[in-house]
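S.K.: any chance you could fold what I've pasted below:
(one chain, ligands or ions: 1)
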Amino acid sequence: AVTPAGEILAEWREATRGESNEELSSQLQEVLSRLMEMSTVRPEEVAGVGVAIPGRVDAQANKAIGCSNLGFRNLDVNEVVKAITPAPVALANDGNAGALGEKWFGAGKGIDNFCYICVGTGVGGGLVLDGRLYMGETGRAGEVGHVVVDPRGPRCRCGTVGCLEAMVSGVGLPILAERLLGEAEVRKLGRGAQEGDGGGRLPTAQEIYRAAAAGNAAAQRVIEEAGLLHAATVVSLLRILDLRRIIYGGGITAAGALFIQAVYQGLKELGYRITQPDIVLSPLGEKAGVWGAAAVIGERLQSMKA
Ligand SMILES: [Zn+2]
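M.R.: Numbers count the residues shown, from 1 in each chain. Below you'll find the model as predicted:
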């Protein structure tokens, strides 16, 4: 719950309990009621409700169409919210919500042309062009995670081969590490191996970044390769869209300077020197979801006024 001035009144975090339409609806309604209670706001006092979800959405109709990781289908978010408050509703996928969060509250403030790239379990993103969120012909624009960076790479969960997400995300980075180092080497970076139980499972993306930060040369090689793949994506974005800034967010970028340095190193390796690229980390951290949802409804209310 956020005021129009950008002050957080209340926040609540919980895992999804189920993924059917019914389960998600009742959980959303519960959380909405709880947030209103926590911030002592009555249903008729709510200015608007912003909802950000993973997967495909129909932003015009406020319908959550579906998501490859969750089982809901054609969830009518207007109906879900109407049971709790008569306030207007706006829906966006998490990548676009993240981009709007940056535009309103983060590193995109006052910047008309930028791309937000969220590197977590998957890779999502959103584009702000000429000061507005760019949705594209079918609302699928900004899917930076599914840009092909290696036509000989592993198959992505979207069905395409060599997507950025399949190689640098929380799920993809361990696969990239295995391709690069071989299974025996990569298992040495896993927790089991470090605890000396001899086994060693595949390391998580966080463990790979941590090992690289601690000076492990094999892990550093993986991070450099990931930086190169990010850089290839950044060059394409800058070439096609002439952006002012690239903003990275998401759990994997908690590696901070190590993450950004690898991207800059990748740009150098690619020989990109048209403009000085402006690549930054999101300042919103783990509250990016709160700010994103607030920005989604803020943007909608603003366009209703205009
Ligand atoms: Zn893909």
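
S.K.: enumerate the residues of this structure near the ion.
M.R.: Counting by C-beta under 5 Å from the ion, the positions of the chain adjacent to the ion are 146, 156, 158, 160, 163. Quick note: C-beta positions are derived from backbone N, CA and C, even for glycine.

S.K.: can you tell me which of those residues are buried?
M.R.: Burial by neighbour count, 16 or more other C-beta atoms under 10 Å: within the residues of the chain next to the ion this picks out 146, 156, 163.

S.K.: who is the residue nearest to the first one when sequence neighbours are not counted paired with across the strands?
M.R.: Excluding its sequence neighbours, the residue lying closest to H146 (C-beta to C-beta, 6 or more residues apart in numbering) is C163, at 4.7 Å. In this entry, C163 is beta-bridged to V148, by DSSP bridges.

S.K.: these two touch, right, C163 and P151?
M.R.: No - between C163 and P151 there is no contact under C-beta atoms under 8 Å: 10.6 Å.

S.K.: contacts for the helix or strand G50 falls within, please.
M.R.: Following DSSP states H and E, one finds G50 within strand 49-53. With C-beta atoms under 8 Å, 6 or more residues apart in numbering as the test, strand 49-53 has contacts from 28, 32, 62, 64, 67, 77, 81, 85, 87-94, 96-98, 289, 292-298, 300.

S.K.: and if you look at stretch 237-248?
M.R.: 102, 106-108, 111-119, 127, 129, 144, 234, 259-260, 263, 272, 274-275, 277-282.

S.K.: distance across it, terminal residue to terminal residue?
M.R.: Using C-alpha to C-alpha, to the nearest Å, one end of stretch 237-248 lies 13 Å from the other.

S.K.: do a quick rundown of the helices in the protein.
M.R.: Assigned by DSSP state H, the chain shows helices spanning 21-38, 77-82, 94-105, 165-168, 172-181, 183-187, 191-194, 205-213, 217-241, 257-270, 288-305.

S.K.: adding mean pLDDT, write the ones you listed out as TSV.
M.R.: What follows is those, written out as TSV (pLDDT from 0 to 100):
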stretch	mean pLDDT
helix 21-38	95
helix 77-82	96
helix 94-105	96
helix 165-168	97
helix 172-181	96
helix 183-187	89
helix 191-194	58
helix 205-213	94
helix 217-241	97
helix 257-270	96
helix 288-305	92
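
S.K.: give me whichever of those helices is most buried.
M.R.: Of the helices of the chain, the one with the most neighbours on average (mean count of other C-beta atoms under 10 Å) is helix 94-105, at a mean of 28.

S.K.: got the angle between that one and helix 288-305?
M.R.: Angle of helix 94-105 versus helix 288-305, following axes from the mean of the first three to the mean of the last three C-alpha atoms, to 10 degrees, is 70 degrees.

S.K.: how far off centre is stretch 244-260?
M.R.: Relative to the mean C-alpha coordinate of its chain, stretch 244-260 is positioned 11 Å out (C-alpha atoms, centre = their mean, to the nearest Å).

S.K.: tell me the buried residues in it?
M.R.: Buried residues in stretch 244-260, counted by 16+ other C-beta under 10 Å: 244-250, 252-255, 258-260.

S.K.: with stretch 3-15 instead?
M.R.: Buried-residue list, stretch 3-15, by 16+ other C-beta under 10 Å: empty.

S.K.: return the alpha-carbon coordinates of it using CSV.
M.R.: C-alpha atoms of stretch 3-15 as CSV (Å, rounded to 0.1, in the frame of the first residue of the first chain):
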residue,chain,number,x,y,z
THR,A,3,0.4,6.9,-1.0
PRO,A,4,0.3,9.1,-4.1
ALA,A,5,3.4,10.9,-2.7
GLY,A,6,5.3,7.6,-2.8
GLU,A,7,5.3,6.7,0.9
ILE,A,8,4.8,3.0,1.7
LEU,A,9,1.9,2.6,4.2
ALA,A,10,2.0,-1.1,4.5
GLU,A,11,3.6,-4.1,2.9
TRP,A,12,2.9,-7.9,3.0
ARG,A,13,4.9,-10.7,1.5
GLU,A,14,3.8,-14.3,1.1
ALA,A,15,4.3,-17.2,-1.3
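
S.K.: need the residues that contact it.
M.R.: By C-beta under 8 Å, 6+ apart, the surrounding residues in contact with stretch 3-15 are 1-2, 27, 31, 34-35, 38-39, 41, 47, 104-105, 287, 290, 294, 298.

S.K.: thank you, goodbye.
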